[in-house]
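S.K.: predicted model and sequence below, questions to follow.
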Amino acid sequence: MIYLLLDILTYCAQGALLVMLLDTAQARISLPKYAKDAILLLQYAVVQIILHESDWVRNLFYGNSIVSDSRQSIWPVVASMFVTCVVSGILLRENRLKLFYSVVTFYSVTELLKMAFHPVLLWMLRKLVDLNDYLFLKKQLYGEDTFYAAISVIQIFWNILLAGTVVIFSYEILRRVKKYLALKEVHERLQLIFLLFPSLIGFLLCLMLRSMMFSMDGTDMYLLLDSRPEMNLLIPCVSWLCILMILLAAKMLRKLIDENNHKIEVSVYQDRIREMEQHIGDIENLYAGIRGMRHDMKNYIADMEALMSEQPEQTPLRQYLDSLQTSVEQLDMKYHTGNPVTDVILQRYVQLTEKSGIDFQADFLFPANLNIDAFDLSIILNNALDNALEACK
């Protein structure tokens, strides 16, 4: 019962990691809050329990109720991943290749971590068992009942340590993968294939190692780690390299996407700058036209005032001319800097300071031969005047 409870807790924890990796995907149908996550978690845990605890399933995969060859342990892993792919494909509205990558990465990371930690923790288990034998047989510190109880405690502790270590490291690695990829983004097919290869290679490596871990000859069990001691070092190293490949692939793609987005932003800003430069050119032409119109309007008003002096009793016409004169004066720039762009900027801040009751004086010229673009200088001038206005307020 203790081992069954431990297995159930482990399956639920791993199911939660799967949910974390897929939580950005939307459900195909309207579901209550967290229902999608609960379905994913429960399907994973239930499938794992059925595959590992059902005698009928064991007989189907192994031919009997126990595993007689490590190659038989491949089928539950493959079956579980297949079911998870099908359920997530039916439940979630997401790119199928992206879902497949997420599921394969989840299984690959958890399996690789088992392979990475198993030799180390197996060595520790043997040392603890040897210590228990020494204390019982050599030192005779306790009796036979305590000896067997200690073995049970050591086995339970070892299983908890292995399961907990795998879950904790899986969480950290999958969290980083999710952070790098931001799965809400739209990825191209080639990008997803690029990401999929390291995960798929890691998963296939785990299946290969599972097929070689042990074999049975009658009642004798032959362990790969015993017959090939170098595997105690090679398997963890290769497993960690595969995990590193998965992380680096995700990080590299993140960097490429960010650089591409930056190039797009720069291109957009350049387009906007060109548009603003064209707008400035239009302002210059408009300003030149306004200056000509203002000069002509002043002449027209002067002529009409001369005519009005002969007939001063026409009061409505006099009011109209006064209003027109005021409008024309408003078109006149208070400061003439030598460039229409900077003229407009200064005029705008003259109006802003008048509204705020702030005195404004300017002694600014834009020489014709100045080797600075009017647009660049307008940015500096705008910022400076804006800071000055804010400080005065």
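M.R.: Arrived safely. Bear in mind the structure is a predicted one, so any value in this text is a computation, not a measurement. Residues are numbered from 1 along each chain as shown.
S.K.: please make it C-alpha for all contacts and neighbour counts, starting now.
M.R.: Noted.
S.K.: quick check: next helix or strand after the lowest-mean-pLDDT helix or strand in the chain?
M.R.: When each helix and strand of the chain is scored by mean pLDDT, DSSP states H and E, helix 315-331 comes last, with a mean of 64. For helix 315-331, the succeeding helix or strand toward the C-terminus, using DSSP states H and E, is helix 340-356.
S.K.: output that next one as PDB, nothing but the C-alphas.
M.R.: What follows is helix 340-356, C-alpha atoms only, in PDB (Å, rounded to 0.1, in the frame of the first residue of the first chain):
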ATOM      1  CA  PRO A 340      10.300  75.900 -40.500                       C
ATOM      2  CA  VAL A 341      10.500  72.800 -38.400                       C
ATOM      3  CA  THR A 342      12.200  74.500 -35.400                       C
ATOM      4  CA  ASP A 343       9.900  77.500 -36.000                       C
ATOM      5  CA  VAL A 344       6.900  75.300 -35.500                       C
ATOM      6  CA  ILE A 345       8.400  73.700 -32.400                       C
ATOM      7  CA  LEU A 346       9.100  77.000 -30.700                       C
ATOM      8  CA  GLN A 347       5.700  78.400 -31.600                       C
ATOM      9  CA  ARG A 348       4.000  75.400 -30.000                       C
ATOM     10  CA  TYR A 349       5.900  75.900 -26.800                       C
ATOM     11  CA  VAL A 350       5.100  79.600 -26.800                       C
ATOM     12  CA  GLN A 351       1.400  78.700 -26.800                       C
ATOM     13  CA  LEU A 352       1.900  76.100 -24.100                       C
ATOM     14  CA  THR A 353       3.800  78.400 -21.800                       C
ATOM     15  CA  GLU A 354       1.200  81.200 -22.300                       C
ATOM     16  CA  LYS A 355      -1.500  78.900 -21.200                       C
ATOM     17  CA  SER A 356       0.500  77.900 -18.100                       C
END
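S.K.: what are the buried residues along that helix?
M.R.: By neighbour count with 16 or more other CA atoms under 10 Å, helix 340-356 contains the buried residues 340-346, 349-350.
S.K.: out of the residues you listed, who's nearest R272?
M.R.: Top of the list for closeness to R272, among the buried residues of helix 340-356 and by CA to CA, is V341 at 17.3 Å.
S.K.: what sits against I154?
M.R.: I154 is in contact with 125, 128-129, counting by CA atoms under 8 Å, 6 or more residues apart in numbering.
S.K.: next: V19.
M.R.: Shown in contact with V19 (CA under 8 Å, 6+ apart): 37, 40-41.
S.K.: let me have the residues you listed in JSON lines, extended by neighbour count.
M.R.: Converted to JSON lines, the contacts of V19 look like this (neighbours: other CA atoms under 10 Å):
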{"residue": "D37", "neighbour count": "17"}
{"residue": "L40", "neighbour count": "21"}
{"residue": "L41", "neighbour count": "22"}
